[in-house]
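Engineer: Next input, structure requested:
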Amino acid sequence: MSAAPHAPAPAGLHRTDERLPVTLPQLAEMKRLGAPIVMVTAYDYPSAQAAEAAGVDLVLVGDSGAMTVLGYPSTVPVSTEEMLMLAAAVRRGLRTPFLVADLPFGSYEGSDELAVATAQRFIKESGADAVKLEGGGASVQRAAAIVAAGIPVMGHVGLTPQTSTALGGYRAQGRTADRALQVANDAFALQEAGCFAIVFEAIPAAVVAEIMPRMQVPVIGIGAGASTDGQVLVFHDLLGIREGVGARFVKRYADLLDEMIGGVRAYAADVRGRRYPTNDHTYSIDPAELNELRARLD
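Structural biologist: So this is what the prediction gives:
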């Protein structure tokens, strides 16, 4: 299944090449050839436009949008309807990258039937190409059920934010032999269940390097070292559209929050100083029409 051409190239954003939509066979071939896979999150039309113009391979509508754009304290509170809204907005801004949507907490764990029904909604209502779910254990069975229903699934092991409380908070996973083996077994089980790719999050690089030779599907890392098949970062982390430094694995490529604050502050100062608007920012009217208006007002 490939990302359908839902929208024209965004005005003002110009791609340097004309790529065809990314497909699952193409992602598998990239792994085989050792070509790095680029994945980024997006949560709305503008961020999707940026991902499209930058030429990334995969876009994830992550439930991290609960915090980055909806203001929740964690990913747990976000609803299926809210995630569907975000995913549909991203879909309208993409033509080329393969689009994956996170299944939010509570929308798939209860039963295979619930998991399939929720996944179907994301494909039908938002236009996503695939869905992602977190963890091993029962999630392996849910992943297999969704795959059996004809919907591509991306897995996620290591630090799984939806269940971070049970993991001791937002901290690296797999730092003991027992826990590292559990992470590996979760990954192998998700692979066996038919996941087309798996995210490895916050796992020691040396542990990932031991697991990678046994992975037959693409592995996308976030805080998992350089041996994975690709990397993903949160849009707001890599562009600095947030307060604070972020997690250890984040590399900030811009400081847009500072730019945004500076721009709004300059605008406010111009308004208060009556420097905006000027004649350059206003519309004109024919003098005869203006005279007629004055007469009518009088």
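
Engineer: Ramachandran coordinates for the residue nearest to the spatial centre of the chain?
Structural biologist: Among the residues of the chain, the one closest to the centroid is residue 41, at 2.1 Å (CA atoms, centre = their mean). The phi/psi pair for residue 41 (degrees, to the nearest 10) reads phi -90, psi 160.

Engineer: For it, report the pLDDT, please.
Structural biologist: Looking at residue 41, its pLDDT stands at 98.

Engineer: Provide the partner residues of it in its beta bridges.
Structural biologist: residue 60 (DSSP bridges).

Engineer: Run through the residues that contact it.
Structural biologist: Listed by CB atoms under 8 Å, 6 or more residues apart in numbering, the contact set of residue 41 reads 47, 59-62, 64-65, 68, 232-235. C-beta here means a position set from N, CA and C on the backbone, and glycine is covered the same way.

Engineer: Reformat those as CSV; add distance to residue 148, secondary structure and neighbour count.
Structural biologist: CSV is the format used below for the contacts of residue 41 (distance: CB to CB, whole Å; DSSP: H, G, I helix; E, B strand; the rest coil; neighbours: other CB atoms under 10 Å):
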residue, distance to residue 148, secondary structure, neighbour count
47, 32, helix, 25
59, 25, strand, 33
60, 23, strand, 32
61, 23, strand, 30
62, 25, coil, 26
64, 28, coil, 20
65, 28, helix, 29
68, 33, helix, 18
232, 26, strand, 25
233, 32, strand, 21
234, 31, coil, 23
235, 32, helix, 25
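
Engineer: would you list the residues you listed in TSV and tack on distance to residue 98 and pLDDT?
Structural biologist: Below are the contacts of residue 41 laid out as TSV (distance: CB to CB, whole Å; pLDDT from 0 to 100):
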residue	distance to residue 98	pLDDT
47	16	97
59	7	98
60	10	98
61	12	98
62	14	96
64	18	94
65	18	95
68	21	94
232	12	97
233	17	96
234	18	95
235	16	95
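
Engineer: Closest one to residue 187 out of those, please.
Structural biologist: residue 232 (15.7 Å; CB to CB).

Engineer: What is the neighbour count of residue 128?
Structural biologist: 30 (other CB atoms under 10 Å).

Engineer: Hmm, I typed the wrong one, I wanted residue 282.
Structural biologist: 7.

Engineer: you'd agree residue 100 is in a strand?
Structural biologist: Yes: if the criterion is DSSP: H, G, I helix; E, B strand; the rest coil, then residue 100 is within a strand.

Engineer: That one: what's it in contact with?
Structural biologist: By CB under 8 Å, 6+ apart, the neighbours of residue 100 are 58-61, 128-132, 154.

Engineer: thinking again about what came up before, so can I have CSV of the contacts of residue 41 showing distance to residue 90?
Structural biologist: Formatted as CSV, the contacts of residue 41 follow (distance: CB to CB, whole Å):
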residue, distance to residue 90
47, 7
59, 6
60, 9
61, 5
62, 10
64, 13
65, 9
68, 13
232, 15
233, 16
234, 14
235, 10
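
Engineer: of these, closest to residue 267?
Structural biologist: Among those, and counting by CB to CB, the member closest to residue 267 is residue 47, at 22.3 Å.

Engineer: so what's the closest one closest to, chain neighbours aside?
Structural biologist: Leaving out its chain neighbours, the residue that sits closest to residue 47 by CB to CB, 6 or more residues apart in numbering is residue 235, at 5.1 Å.

Engineer: List the contacts of that neighbour.
Structural biologist: 40-43, 47, 50-51, 68, 241.

Engineer: 7 Å instead, please
Structural biologist: When contacts are counted by CB atoms under 7 Å, 6 or more residues apart in numbering, residue 235 is found next to 40-43, 47.

Engineer: Repeat that for residue 185.
Structural biologist: So residue 185 contacts residue 136 (CB under 7 Å, 6+ apart).

Engineer: Confirm that it sits in a helix.
Structural biologist: Yes: Residue 185: assigned to a helix according to three-state DSSP.
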